[in-house]
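K.L.:
Sequence and computational prediction follow.
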Amino acid sequence: SSPSLSQPERKGMFHRGPGLNLTSGQYTAPIAGYYSFSSTLHIVRREPRRKGQGCRGSRLRVLICVESRCQHNSNLETVSQLESSGDLFTISVTGTLYLQAGQYASVFVDNTAGSPLTVQSGSDFSAVLLGV
């Protein structure tokens, strides 16, 4: 096997290159450049909604932020209105960010749904260097 290919932590998962830290969930740029980021999260509502409790105004926001600075412009963001039917949601965010060498990017979920949410297995996060 190639020295740059890491063994999977579990079946169906792989990562290549030194930038991904599976413990922290952060991708650290080995060199400065433009990176294509993508994340697809499968999210389940952990508590059933009470009768009469609507989802009006409930939204789910997923961001990929540089250096955990989600308030600044160096992030990717998608917002999804939570539907009233079903408790499983899939939400994706993708785009390009410029990272300096040593900067990291990670995924954040902003939950205004009012009930706890769990990110399911099968969710993914990836980063690919496009160019310097």
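P.N.:
Yes, it's here.
K.L.:
host element of the spatially most central residue of the chain?
P.N.:
In the chain, the residue lying closest to the centroid (Cα atoms, centre = their mean) is V107, at 3.6 Å. Per DSSP states H and E, V107 falls inside strand 104-111.
K.L.:
which residue packs closest to the residue nearest to the centre of the chain, ignoring adjacent ones?
P.N.:
Using Cβ to Cβ, 6 or more residues apart in numbering and skipping the chain neighbours, the partner closest in space to V107 is S39 (4.9 Å). All C-beta atoms are positioned from the backbone trio N, CA, C, and that covers glycine.
K.L.:
Burial check on that neighbour, number of neighbours?
P.N.:
Here the number of neighbours of S39 (other Cβ atoms under 10 Å) works out to 23.
K.L.:
helix or strand for it, which one?
P.N.:
Going by DSSP H and E, S39 is part of strand 33-45.
K.L.:
need the contact list for the residue nearest to the centre of the chain.
P.N.:
Going by Cβ atoms under 8 Å, 6 or more residues apart in numbering, V107 touches 25, 39, 41, 62-64, 93, 125.
K.L.:
Quick check: PyMOL command selecting the buried ones in those residues.
P.N.:
Those of the contacts of V107 that count as buried under 16 or more other Cβ atoms under 10 Å are selected in PyMOL with:
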select buried, resi 39+41+62+63+64+93+125
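K.L.:
got the contacts of V107 as a markdown table, with secondary structure columns?
P.N.:
Listed next are these as a markdown table, based on DSSP: H, G, I helix; E, B strand; the rest coil:
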| residue | secondary structure |
| --- | --- |
| G25 | coil |
| S39 | strand |
| L41 | strand |
| V62 | strand |
| L63 | strand |
| I64 | strand |
| V93 | strand |
| F125 | strand |
